[in-house]
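In: sequence first, then the predicted structure, then my questions.
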Amino acid sequence: MATESAFVEVAQKVAEKILPSPLFVQRGAALLYQVTVDNQLSLTVNVKRPSRGNSAFQTDLCIFEKKGEEVAIPRVVMEFKTRITTHDVLTYSAKATKHKQVYPYLRYGIVASSETAVPGRLFTHNESLDFCATVSGLEGEELSEFFALLLAAEVESSRRLEAIAYGSVRTRLFRSEVTIHAL
C-alpha cells in the first residue's frame, strides 16, 4: 500500500464485508482512556459518546459490538502503520494500557502494511499490545481471509475476557497465546 490512509480504507472495506451483525467497524472512533468524576461525583465524560480530547484517544479502526439501542462496546482496535518503529510500539502499547483500564475486554493491535514479518522491536518494547499483523504482499482474497481470521480470533478473545471480567465465567487458567503464520 502506498500510504497509511489508503491502507486503512482497504482494511475498513474488508472488515465491513466480513463482520457479522451485531459487529460493525468504525474509522476514527474515539475511545475513553479514563473515566473520572468531578467534586459533585458527576461523570466528567459521556461514556456512551466519547470525544477526542475529552479523556479519549482517536483510533484508526475499531470493531464494535452493538449491545443495545444506545450501547456499543469496543472489541478490537487496529492501528495502522506502513512500518513499525520503536516509537510506534511504545506509543500504541501505552495507549492500549490506558484504553484497557476502561475497557478490560478490549483487544488492541498494530497492522503494518509494508512489513513482511513482525519486527523484533515489538517483542522487546511491547507491554499491552495484543497483536501485530504484517500484511505486505497480501492482496485481494488472501488479505480478506487474513483479516477475517484475525478479527474472528480477536473478537472471540474479547468476548472471553468480558465474560471473565464480569463474572459470568470463572477460569483456572489465563495465558497469552503466540500464533505463528509462516511466511
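Out: Thanks, I have it.
In: list phi and psi for Leu161.
Out: Note on Leu161: its backbone torsions stand at phi -60, psi -40 [degrees, to the nearest 10].
In: show me the strands in the chain, by range?
Out: 23-27, 30-32, 56-58, 61-68, 71-81, 107-112, 131-134 (DSSP state E).
In: just name the most buried of those.
Out: strand 107-112 (a mean of 24; mean count of other CB atoms under 10 Å). Glycine gets a C-beta too; all of them are placed from N, C-alpha and C.
In: list the helices and strands that one packs on?
Out: strand 71-81, helix 86-102, strand 131-134, helix 140-165 (3 or more CB pairs under 8 Å, 6 or more residues apart in numbering; DSSP states H and E).
In: dump that strand to CSV, restricted to CA.
Out: This file holds the C-alpha atoms of strand 107-112, laid out as CSV (Å, rounded to 0.1, in the frame of the first residue of the first chain):
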residue,chain,number,x,y,z
ARG,A,107,-8.1,-6.3,22.1
TYR,A,108,-5.6,-3.8,20.7
GLY,A,109,-3.0,-4.2,17.9
ILE,A,110,-1.0,-2.8,15.1
VAL,A,111,-1.3,-3.7,11.4
ALA,A,112,1.7,-2.9,9.2
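In: name every strand pairing with that strand and say which way it goes.
Out: Strand 107-112 has its sheet partners listed here by DSSP bridges as strand 71-81 (parallel), strand 131-134 (parallel).
In: got JSON lines for the ones you listed, with distance to Ser93 too?
Out: Converted to JSON lines, the strands paired with strand 107-112 look like this (distance: least, CB to CB, whole Å):
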{"stretch": "strand 71-81", "distance to Ser93": "11"}
{"stretch": "strand 131-134", "distance to Ser93": "10"}
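In: still on that earlier bit, okay if I get the strands of the chain as TSV plus mean pLDDT and distance to Leu151?
Out: Output for the strands of the chain, formatted as TSV (pLDDT from 0 to 100; distance: least, CB to CB, whole Å):
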stretch	mean pLDDT	distance to Leu151
strand 23-27	96	8
strand 30-32	96	17
strand 56-58	94	20
strand 61-68	96	6
strand 71-81	97	6
strand 107-112	97	10
strand 131-134	96	10
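In: quick one: closest of those to Leu90.
Out: Set against Leu90 and scored by CB to CB, the strands of the chain come closest in strand 107-112, at 11.6 Å.
In: nearest to Leu149, of the strands paired with strand 107-112?
Out: Proximity to Leu149 (CB to CB) singles out strand 131-134 among the strands paired with strand 107-112, at 10.1 Å.
In: picking up where we left off before, out of the helices and strands packed on strand 107-112, nearest to Ser113?
Out: Ser113 sits nearest to strand 71-81 of all the helices and strands packed on strand 107-112, at 6.8 Å, using CB to CB.
In: isn't Lys81 up against Gly109?
Out: No: the criterion here is CB atoms under 8 Å, and Lys81 misses it with Gly109 at 11.0 Å.
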